[in-house]
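Participant: output the structure for:
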Amino acid sequence: MYHAIVKRILSNGYRQISCADFEPLLKQFAPDIHFTFSGEHAMAGDFHQRDTVRQWFERVHRLFPDLEITAQQMVVSGMAWNTWIAAQFTVHATVADGRAYHNHGTQFVRIVWGKSGRRLSH
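Facilitator: Numbering: from 1, shown residues only. The predicted model follows:
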């Protein structure tokens, strides 16, 4: 039951990001969040505060106003005091020149007593 709830929370988080409704999701982040979007491109970054993660989400939506993130598969392991999630997701959006953008990503999340220190890998 707990793992099903965790999956639902993460899926809701993707919907909130897609709708640019970041605050409910950010409240779930630990104050000392470690959020990484890996790569060597304009979206890459390593963030350690909720405010900088918020700024990153806002930037993503400025670049991709019609962003849609959808969970594909999730695996949850552990209990409330130390939960790990591995999720595969897809991203659909339109780039500035009007072309469609599609990508797949993997996210690794650690939740300790209800607060997440999300690690996003792309």
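
Participant: and R50, how many neighbours does it have?
Facilitator: Using other CB atoms under 10 Å, R50 has 20 other residues around it. All C-beta atoms are positioned from the backbone trio N, CA, C, and that covers glycine.

Participant: from memory it sits against Q28, does it?
Facilitator: No. Applying CB atoms under 8 Å as the test, R50 and Q28 come out as separate, 9.9 Å apart.

Participant: all the helices of this protein, residue numbers only.
Facilitator: 2-18, 22-26, 50-63 (DSSP state H).

Participant: right, so of those, which gets closest to W84?
Facilitator: Comparing the helices of the chain against W84 with CB to CB, the closest turns out to be helix 2-18 (9.8 Å).

Participant: now the closest one and helix 50-63, what's the angle there?
Facilitator: 60 degrees (axes from the mean of the first three to the mean of the last three CA atoms, to 10 degrees).

Participant: what's the neighbour count on G13?
Facilitator: 24.

Participant: repeat for the one 3 residues further on
Facilitator: Counted with other CB under 10 Å, the neighbours of Q16 add up to 18.

Participant: please report how far it lies from S77.
Facilitator: 24 Å (CB to CB, to the nearest Å).

Participant: P24 too?
Facilitator: 24 Å.

Participant: M1 too?
Facilitator: Taking CB to CB, one finds M1 at 15 Å from S77.

Participant: ok, Q49 - contacts?
Facilitator: P31, I33 (CB atoms under 8 Å, 6 or more residues apart in numbering).
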